[in-house]
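Chemist: Show me the folded form of this:
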Amino acid sequence: MTQGSSSDDPIEEGGAPNTVFLSYSHADKKQAQLIVQALEGADFRVWWDGMIEGGERFSEATEAALDSARVVVVLWSKSSAASHWVQDEATRGRDTGRLIPISLDGSLPPLGFGQFQAIDVSGVANKPNSEPMRKLLRAVAALHDRPAPPLQVKQGVALPRRQLLVGTGALLLAGAGGLLFWKGSGLFGGAGSGRSVAVLPFANLSGDPNQRYFSDGLTSEIRAQLSRNALLEIVGQTSSESASTENRDAKSIARELGVAFLLDGQVQKAGDRVKVDAELTDGSSGLSKWAQSYERPLTDIFAVQAEIGAAVASALSVAIEEGEGKSAGADEGGTDNVAAFDAYLRGRDLYEAGIDETSDRQALSYFDRAIALDPRYAGAHAARSRALAIIGNLYADDAERVRLYDAGVVAARKATELAPKFAEGFSALGFALATGKLDMRGAREPFERSYELGRGSADILSRYATFRSNLRDNDRAKSVIAQASKLDPLNARTFWSTGDISYAGRDFAGAIPAFERAISLNPTLAGGHSSLGFAQFMLGRLDDAHASFSKEESSVRRLPGYAIIADRRGDRAGAEAALNDLIKEYGDKSHYQYAQVYAQWGDRPRALAALQKAWELRDGGIMLMYSDPMLDPLRETDGYRALAKQVGFT
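Modeler: Presented below is the predicted three-dimensional model:
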């Protein structure tokens, strides 16, 4: 019963031997797939089987694969420890010195294997760069007489550099994932409404880890399609992916997310054919409510998406409005060009990975390719706008930055013209105008339109809420971020935004629990410690604030904190030293931070001069000036009021 290979020969297609044998219980299949992906991502070839039921003969093919492998990786769990089949395979590995034991759930190996310390990967099997997973890869490499493999990049999750985009001094939140969960009754109440659905990642069964972009992208497209149905409640991407990586059954995942149903499946893309298996599971019983397998030409992939969306809606007795059962048409950002769609998915995969400048520019080139193949593909134009903003902020010099920001506005505006019902296009345009052009007045209309069209998307709601907070519309911002939190309860970015909105609304005490929870569950969250520090400072808790700033890795956020705390304590020399360090490191890139420091020092002339300079240099921090408590000492000055009007706040 081979899982993941249709061949009875332990030699993969292409002639290379499978040198890693994976033994596991069929109940742990999803966890096993994560281990296989990590091993294959490190260029190891893996033979892996599901658990064969008791009484079946040990197949000659499996025995040959086990005997020829250089490494036997055994995944111990409560289920596999009770499996005689897995114990037999583990014994072969143990007796020949090839055994690497792994614990999926913290379970101890069964009697006879306790002398071998298992690597505990519980909760991190989806994180190939975590220390337990790195330990596994190092152990496998050692038995291959190879050096340890380099760090892998987990696809679909932005790296820390995307969390904090300094560039021109702005703190921009972008894609910081993490397990952040408010205690309570879950997403839509204890048992979830009857129309709440979490779309879990569809597994890539192509046998090629490089095809993962396609299964991930297809999952996102199906989720986006369902979220356009106002009668359904669809969990956001981060929460769905975070919950699904745990070694739990459908009922426990649905219970944590507070949803009624789970949609998952698998994708196998081979040449010009694609096979998609999809299943809707009742979260209360764990039983299947609907399942369907689609094997079509790749050109029918859009019809498959639409059929899955229509089938889910039908299974939940949700009416589908005319045209809603179709895949995203031109007015909703879609394409009917398979090659353009493939290029777009490849670009999105690289963009979300957030590796470095090379990968970001490659993502942009894929979006450009998609547009070349289908000039009316609004989704690709919107994605191009976001990529231009990232490249402009992180890598460009002043002259190129202006050109890239201008091009980003043009691309986003093109998306809205091509797709008047495409929420992501309007959100991209609002972001490009506010972030790149610092045109807060011009950004209002597209952001409002994005909210009208995209209330089912947690990402769109979060961007809109942040924008309303920047305008000091705190009541609206709090209401919308609550909607986003409801849709994406495990997304650290969403809840960090909740803290930022409370902070901007001068509810400093209310902001602190949000920041503390984010830090406790994602200690590497860039800007998290300093956000907590600013809130503590505003409450006069100087010692706590200093401790928080000392833990902040980003110096552009840490040093201003040191400067204002030292001044408040009467340590003028320490305050000046911290500011001088900031100026020395960032020069003309952080005039907004200089304005914050001078304002808190009570030096209004220098604060206003720094703020004006930040505006002249198009420092992205200007987006925050109207709501930033650090600038409160300037609010009644003529210079501040004039600049706020010029930027478009008033």
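
Chemist: chain center to the host helix or strand of residue 531, what's the gap?
Modeler: Element membership for residue 531 (DSSP states H and E) is helix 528-538. Computed by CA atoms, centre = their mean, to the nearest Å, the separation of helix 528-538 from the middle of its chain amounts to 24 Å.

Chemist: Check which helices and strands that helix is in contact with.
Modeler: Packed against helix 528-538, as judged by 3 or more CB pairs under 8 Å, 6 or more residues apart in numbering; DSSP states H and E, are the following elements: helix 492-504, helix 508-521, helix 542-550, helix 555-568. Backbone N, C-alpha and C define where each C-beta goes, glycine included.

Chemist: Would you list the phi and psi of residue 197?
Modeler: Taking degrees, to the nearest 10, you get phi -140, psi 140 for the backbone angles of residue 197.

Chemist: what's the distance between the spatially closest residue to it that is not a sequence neighbour and residue 242?
Modeler: Nearest residue to residue 197, sequence neighbours excluded (CB to CB, 6 or more residues apart in numbering): residue 261, at 4.8 Å. Per CB to CB, to the nearest Å, residue 261 is found 18 Å from residue 242.

Chemist: Please compute how far the longest helix along the chain lies from its chain's middle.
Modeler: Criterion DSSP state H: the longest helix present in the chain is helix 398-418. The chain centre lies 24 Å from the centre of helix 398-418; the measure is CA atoms, centre = their mean.

Chemist: buried ones in it?
Modeler: Of all the residues in helix 398-418, those buried under the rule 16 or more other CB atoms under 10 Å are 401, 404-405, 407-416, 418.

Chemist: for stretch 224-238, same thing?
Modeler: For stretch 224-238, burial by neighbour count (16+ other CB under 10 Å) applies to 224-229, 232-238.

Chemist: how about the strands in the protein?
Modeler: For the chain, the strands defined by DSSP state E occupy 20-23, 46-48, 71-76, 99-103, 119-120, 196-199, 203-204, 233-234, 261-270, 273-282, 288-297.

Chemist: nearest to residue 219, of these?
Modeler: strand 196-199 (6.2 Å; CB to CB).

Chemist: Mind exporting the C-alpha coordinates of the closest one to PDB?
Modeler: Output in PDB follows, covering the C-alpha atoms of strand 196-199 (Å, rounded to 0.1, in the frame of the first residue of the first chain):
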ATOM      1  CA  SER A 196     -18.500  28.500   8.500                       C
ATOM      2  CA  VAL A 197     -15.700  26.700   6.600                       C
ATOM      3  CA  ALA A 198     -11.900  26.400   6.900                       C
ATOM      4  CA  VAL A 199     -10.100  25.600   3.700                       C
END
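
Chemist: In the sheet, which strands lie alongside it, parallel or antiparallel?
Modeler: Strand pairing for strand 196-199, using DSSP bridges, gives strand 233-234 (parallel), strand 261-270 (parallel).

Chemist: right, so of the ones you listed, which gets closest to residue 296?
Modeler: Closest among these, using CB to CB: strand 261-270, at 11.0 Å.

Chemist: what about that closest one, average pLDDT?
Modeler: Mean per-residue pLDDT for strand 261-270: 89.

Chemist: Same check on stretch 535-544?
Modeler: Mean pLDDT, computed over stretch 535-544, is 98.

Chemist: do you know how far residue 127 is from residue 41?
Modeler: Taken as CB to CB, the span from residue 127 to residue 41 is 12 Å.

Chemist: What of residue 613?
Modeler: Taking CB to CB, one finds residue 613 at 46 Å from residue 41.

Chemist: Also residue 526?
Modeler: Distance from residue 526 to residue 41, by CB to CB: 25 Å.

Chemist: what packs against the worst-scoring helix or strand of the chain on mean pLDDT?
Modeler: When the helices and strands of the chain are compared on mean pLDDT, DSSP states H and E, helix 237-244 comes out lowest with a mean of 76. In terms of contacts (3+ CB pairs under 8 Å, 6+ apart), helix 237-244 is packed against strand 196-199, helix 212-227, helix 250-257, helix 458-470, helix 492-504.

Chemist: and with 10 Å instead?
Modeler: Under the contact definition 3 or more CB pairs under 10 Å, 6 or more residues apart in numbering; DSSP states H and E, helix 237-244 sits against strand 196-199, helix 212-227, helix 250-257, strand 261-270, helix 458-470, helix 492-504.

Chemist: Output the longest one as CSV, nothing but the C-alphas.
Modeler: Read it as helix 212-227. Taking C-alpha atoms only, helix 212-227 is exported to CSV below (Å, rounded to 0.1, in the frame of the first residue of the first chain):
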residue,chain,number,x,y,z
ARG,A,212,3.9,22.8,-4.3
TYR,A,213,3.3,26.3,-5.6
PHE,A,214,0.5,24.9,-7.7
SER,A,215,-1.4,23.1,-4.9
ASP,A,216,-0.9,26.0,-2.5
GLY,A,217,-2.1,28.5,-5.1
LEU,A,218,-5.1,26.4,-6.0
THR,A,219,-6.0,26.2,-2.3
SER,A,220,-5.8,30.0,-2.1
GLU,A,221,-7.9,30.5,-5.2
ILE,A,222,-10.6,28.2,-3.9
ARG,A,223,-10.6,30.0,-0.5
ALA,A,224,-10.9,33.4,-2.3
GLN,A,225,-13.7,32.1,-4.4
LEU,A,226,-15.7,30.9,-1.4
SER,A,227,-15.0,34.1,0.5
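
Chemist: Sweet, I'm off.
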